[in-house]
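# Make a model of this:
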Amino acid sequence: MNKFLAVDTASKHLTALAVNGGKASLKYLPDCALKQSVLLIDEACAAMDEAGLRPSDCDFFCAVTGPGSFTGIRIGISAAKGFALAAGRPLMPLTSFELIAYNADSDDLCAVIDAAHGHFYACRFVSGSACEPRYVSREELVGCGLPLFGFERLDLPRYAALDAGRCLLPAVLKKLELGSPFGDVHALYVRKSQAEEGRK
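This next block holds a predicted model:
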């Protein structure tokens, strides 16, 4: 299980990671939220070319499933599912919370994603295990008492911003290490979209 393609389009950034044994190629674009659908396949193919990897060589494919951008999540999942279907390989779902937690320097933490309008998607990890994710206000988040980690620059106490471009490989390897990493890949939506919430 040392050959794979992993993609992350759940946030403003785009990451495509191709690993071929000991050789890895990473493509990271930090702010391209409105262009992910146009850029992802080219970046993924470029990463695989640099790693000397074809889709048929991959042991599995991985997509970050959110929460985050409703559209971005679907872009990454669709691409990973397309590759996996064509190659007949399994899928690894990786949540945005896992992506954060598996790169943090604490087993007890709260992974945080900005949900705009003073609210956040948050997931507590206790002894490395995830709790139920929630949609919370700033006040609730500040009051949780745990160290906070995420990717964005957020004005929060006890908060550390991780480098999103460096997080995908360690997170995939950690999920493999924990066992049973494969399964159905579905978008993780902690709350309804604005369109759904606006319906009567």
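# According to the record, where do the domains of this protein fall?
With domains defined by automatic domain parsing, the chain comprises 3-95+164-197, 97-161.
# deepest of these, which one?
Compared across the domains of the chain, domain 3-95+164-197 shows the largest average neighbour count, a mean of 19 (mean count of other C-beta atoms under 10 Å). In this view, the C-beta of every residue, glycine as well, is placed from N, C-alpha and C.
# chain center to that domain, what's the gap?
Its chain's C-alpha centre and that of domain 3-95+164-197 lie 7 Å apart, by C-alpha atoms, centre = their mean, to the nearest Å.
# just stretch 89-109 next, same as before
8 Å.
# would you list the domains of the chain in a markdown table and tack on mean pLDDT?
What follows is these, written out as a markdown table (pLDDT from 0 to 100):
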| stretch | mean pLDDT |
| --- | --- |
| domain 3-95+164-197 | 95 |
| domain 97-161 | 96 |
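# Show me what residue 149 bridges to in the sheet.
Beta-bridge partners for residue 149, by DSSP bridges, are residue 111, residue 160.
# what's near enough to touch it?
When contacts are counted by C-beta atoms under 8 Å, 6 or more residues apart in numbering, residue 149 touches 100-101, 103-104, 106, 109-112, 159-162.
# What of residue 1?
For residue 1, the contacting residues are 59, 60, 176, by C-beta under 8 Å, 6+ apart.
# Make a markdown table out of these and add secondary structure and distance to residue 34.
Below are those laid out as a markdown table (DSSP: H, G, I helix; E, B strand; the rest coil; distance: C-beta to C-beta, whole Å):
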| residue | secondary structure | distance to residue 34 |
| --- | --- | --- |
| 59 | coil | 33 |
| 60 | strand | 29 |
| 176 | helix | 32 |
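# ok so, going back, out of the contacts of residue 149, who's nearest residue 25?
residue 103 (19.3 Å; C-beta to C-beta).
# need the contact list for the closest one.
Counted by C-beta under 8 Å, 6+ apart, residue 103 has contacts 149, 162, 166, 167, 170, 171.
# Please report how far it lies from residue 7.
Separation of residue 103 from residue 7 (C-beta to C-beta, to the nearest Å) stands at 17 Å.
# For the lengthiest helix in the chain, report the contacting residues that lie outside it.
Counting by DSSP state H, the longest helix found in the chain is helix 70-87. Contacts to helix 70-87, defined as C-beta under 8 Å, 6+ apart, come from residues 5, 7-11, 33, 36-37, 40-41, 44, 55-56, 58, 60-67, 89-91, 185-189, 193.
# Kindly report the same for stretch 50-63.
With C-beta under 8 Å, 6+ apart, stretch 50-63 has contacts from 1-8, 18-20, 23-25, 48, 76-77, 79-81, 83-84, 86-87, 89-94, 172, 181-182, 185.
# same question, stretch 114-132
In contact with stretch 114-132 (C-beta under 8 Å, 6+ apart) are residues 67-68, 95-98, 101, 107-113, 133-138, 140-141, 144, 146, 150, 152, 154, 190-191.
# Run the chain-centre distance for that stretch.
Distance, centroid of stretch 114-132 to centroid of chain: 13 Å (C-alpha atoms, centre = their mean).
# Lovely, talk soon.
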